[in-house]
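In: no letters, just coordinates:
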Ligand code: G3P
Ligand code: CA
């Protein structure tokens, strides 16, 4: 199978991150999947936004967790795109699922519960995935490994990805401890040995975030199973040009 291209926060190199605009743009660029970040609003709705604070990407300010969904919907979500997408809003996970449930798009759902507590986030995410029958097309990732274990308790067949930054000597051992199916390896930790040994341990390897053509090409040549990138169109082009996949 060809390596899969996942659009990080959607096609976020060109569109406002984690918005429907960026997700639809990823589909137009023929991405195999999207990656998005999920956290809870004050009224416990699943909202798609990266930072815990609203200030960098939206016209709101303060903690996401201190705002209801209705309040969050008032803010524009195109602040990091020079205000070029006035209709862009913070989507709910449900809205994303509604848009893409009838397609073949894969979705990596990163639970943002490492720094700020998000009570019952795991239960709510699994419930939403089941409602849309998306178990086979979704991967749940997190820097919070205990949370990944909780996902497996809730649904043993749900695919999970151990997401990390910085060096881990034997990441396949950590993946086994937390029952993860995939390793999401930062680009500066990718090498042929870690990929080979991860594969030998039955793990799928995705590299993140690979944005320059050179980094994307290097990762593909090393044998990753997928690339997480802000530029899915660029990654597709690099993949098409590679001899080993022609
Ligand atoms: O693809 C992995 C990546 O999404 C994790 O980091 O900060 O972009 O959510 P971050
Ligand atoms: Ca993320």
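Out: Structure received. These figures come from a predicted structure and were not determined experimentally. Ligands and ions are numbered 1, 2, ... in the order given.
In: how close does residue 54 get to ligand 1?
Out: 16 Å (CB to the nearest ligand atom, to the nearest Å). C-beta here means a position set from N, CA and C on the backbone, and glycine is covered the same way.
In: list the contacts of the closest residue in space to that residue that isn't next to it in sequence.
Out: Setting aside the residues directly before and after it, residue 54 is nearest to residue 60 in space (CB to CB, 6 or more residues apart in numbering), at 3.7 Å. Contacts for residue 60 (CB atoms under 8 Å, 6 or more residues apart in numbering) come out as 54, 67, 71-72, 74-75.
In: local confidence estimate at residue 60?
Out: With respect to pLDDT, residue 60 scores 98.
In: again with the one 5 residues further on
Out: Predicted confidence (pLDDT) at residue 65: the value is 96.
In: if we can go back for a sec, so the residue nearest to residue 54 lies in a helix, does it not?
Out: No - looking at residue 60 with DSSP: H, G, I helix; E, B strand; the rest coil, it is coil, so not inside a helix.
In: could I get the phi/psi values of the residue nearest the centre of the chain?
Out: The centre of the chain sits closest to residue 35, judged by CA atoms, centre = their mean, with a distance of 2.6 Å. Dihedral pair for residue 35: phi -120, psi 140, per degrees, to the nearest 10.
In: that one touches residue 7, doesn't it?
Out: Yes - using CB atoms under 8 Å, residue 35 is in contact with residue 7, at 6.7 Å.
In: now stretch 230-246: mean pLDDT?
Out: Stretch 230-246 comes out at a mean pLDDT of 91.
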